[in-house]
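Enquirer: What follows is a protein structure lacking sequence information:
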């Protein structure tokens, strides 16, 4: 019986550390030459599902399509992300195309024809959370890397990966930090947890933090309305819902910075001072986060690196299409600002 190939055996064969090999196999950042060497050796040694094959594809030039569910050029968050993708493609001579899909007006066959006519090798998606669209995209049988993902189940378990921020760990971290530092125990999550995987992860992370600090919590203390029927950008709406909560939260953990901004406006309408009466946390660290009054505590991901990691993951997926689906998380950095600092700490 052939001995099982492990990360350790690959590392020894290449004279690399196990940590470096693990990063390369799981889509984390390593130098391009190192990643290529690890994948080649893994294929040669029949590591897991990596079939032995000619890895000369590492030097091949691919035609990559960036599909977005909304126009991205004017969304500040995505500018460095797209820049990271463009830089990687430029450095490795891959061709990059962009396509914006409007669920309301564009039939899917137009995108399908576009993919076929351009002979696209792989697809990256941004802001594509509609489960039906995701399923149709996977049915094209092209390698896909999703940045964030739908919360709904899909039928394909191969030929795609998901690259995202470590939202579970981030939300857990801020809950534990505020509980230990200030004794905060009444947390409320604001946002539609079914909108996308990252929102769901942020809620899961908050609950995990509460569990680890032995802090009781009830779902009724959260505002989780479907964002198709509830406008989270309307401060008056949020004010009304906050008033319905049985206990006034000491900290609002919001699904993103834009909702956090509206929560701050709603609290101002209620004469609730941030952060002395209630704290507010956001995610994504958009430019508005540090221009608000008070400045917003948020989580930041190196968006340019995220873009590079996404297209690098796609190249791996194109080269090894039978790999099991992977979920690759990029660490996020906590940016503490005024919205979670007591006056005595400012």
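Expert: Right, received. Where do you want to start? Note that the coordinates shown come from a computational prediction; the quantities given were computed from them, not determined experimentally. Numbering: from 1, shown residues only.

Enquirer: can you count the residues close to residue 270?
Expert: Residues lying near residue 270 (other C-beta atoms under 10 Å) number 15. Every C-beta, even on glycine, is put in place using the N, C-alpha and C of the backbone.

Enquirer: ok, now the one 10 residues further on?
Expert: Using other C-beta under 10 Å, the number of residues around residue 280 comes to 28.

Enquirer: Let me see the contact set for it.
Expert: By C-beta atoms under 8 Å, 6 or more residues apart in numbering, the contact list for residue 280 reads 251-252, 254, 260, 263-264, 267, 274, 296-297, 339-340.

Enquirer: For it, which non-adjacent residue is spatially closest?
Expert: Of all residues not flanking residue 280 in the chain, residue 339 sits nearest, at 4.5 Å (C-beta to C-beta, 6 or more residues apart in numbering).

Enquirer: outside of stretch 281-300, which residues touch it?
Expert: Here stretch 281-300 makes contact (C-beta under 8 Å, 6+ apart) with 76-77, 165, 167, 170-171, 174, 198, 202, 251-261, 264, 274-275, 279-280, 301, 332-341.

Enquirer: Check stretch 221-234 too.
Expert: Outside of stretch 221-234, the residues within contact range by C-beta under 8 Å, 6+ apart are 186-195, 203, 237-238, 241-242, 245-247, 249, 255, 258-259, 262.

Enquirer: Please apply the same query to stretch 72-89.
Expert: Around stretch 72-89, the neighbours that count as contacts under C-beta under 8 Å, 6+ apart are 64, 66, 94-96, 100, 124, 126-127, 147, 284, 286-287, 303-312.

Enquirer: If we use 10 Å, what do you get?
Expert: Contacts to stretch 72-89, defined as C-beta atoms under 10 Å, 6 or more residues apart in numbering, come from residues 32, 61-64, 66, 68, 70-71, 94-96, 98, 100, 124, 126-127, 147, 256-258, 284-288, 301-312, 314-315.

Enquirer: rewinding a little: the contacts of stretch 281-300 in helices, which ones?
Expert: Residues of those located in helices (DSSP state H): 167, 170-171, 174, 198, 202, 257-261, 264.

Enquirer: Just give me the closest of these to residue 104.
Expert: Taking C-beta to C-beta as the measure, residue 104 lies nearest residue 258 of the ones in helices among the contacts of stretch 281-300, at 21.6 Å.

Enquirer: so residue 327 sits in a strand?
Expert: Yes - assessed with DSSP: H, G, I helix; E, B strand; the rest coil, residue 327 lies in a strand.

Enquirer: Run a quick neighbour tally on the residue nearest to it when sequence neighbours are not counted.
Expert: Nearest in space to residue 327, with sequence neighbours left out and distances taken as C-beta to C-beta, 6+ apart, is residue 162 at 4.8 Å. Residue 162: 20 surrounding residues under other C-beta under 10 Å.

Enquirer: what sits against residue 162?
Expert: Contact partners of residue 162, counting by C-beta under 10 Å, 6+ apart, are 125, 144-150, 197, 310, 313, 325-329.

Enquirer: for residue 262, same thing?
Expert: Applying C-beta under 10 Å, 6+ apart, the residues near residue 262 are 190, 231-239, 254.

Enquirer: in the stretch 201-346 of the chain, which ranges drop under the pLDDT threshold?
Expert: 344, 346 (pLDDT under 70).

Enquirer: need the strands for it, in chain order.
Expert: 251-254, 279-281, 298-300, 326-330, 333-335 (DSSP state E, counting those that start in this stretch).

Enquirer: circling back: now which of the contacts of residue 162 would you call buried?
Expert: For these, a neighbour count by 16 or more other C-beta atoms under 10 Å gives the buried set as 125, 144-150, 197, 310, 313, 326, 328-329.

Enquirer: Need those residues in JSON lines (columns: distance to residue 20).
Expert: Formatted as JSON lines, these follow (distance: C-beta to C-beta, whole Å):
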{"residue": "125", "distance to residue 20": "29"}
{"residue": "144", "distance to residue 20": "27"}
{"residue": "145", "distance to residue 20": "22"}
{"residue": "146", "distance to residue 20": "26"}
{"residue": "147", "distance to residue 20": "25"}
{"residue": "148", "distance to residue 20": "27"}
{"residue": "149", "distance to residue 20": "27"}
{"residue": "150", "distance to residue 20": "33"}
{"residue": "197", "distance to residue 20": "28"}
{"residue": "310", "distance to residue 20": "21"}
{"residue": "313", "distance to residue 20": "17"}
{"residue": "326", "distance to residue 20": "17"}
{"residue": "328", "distance to residue 20": "16"}
{"residue": "329", "distance to residue 20": "18"}
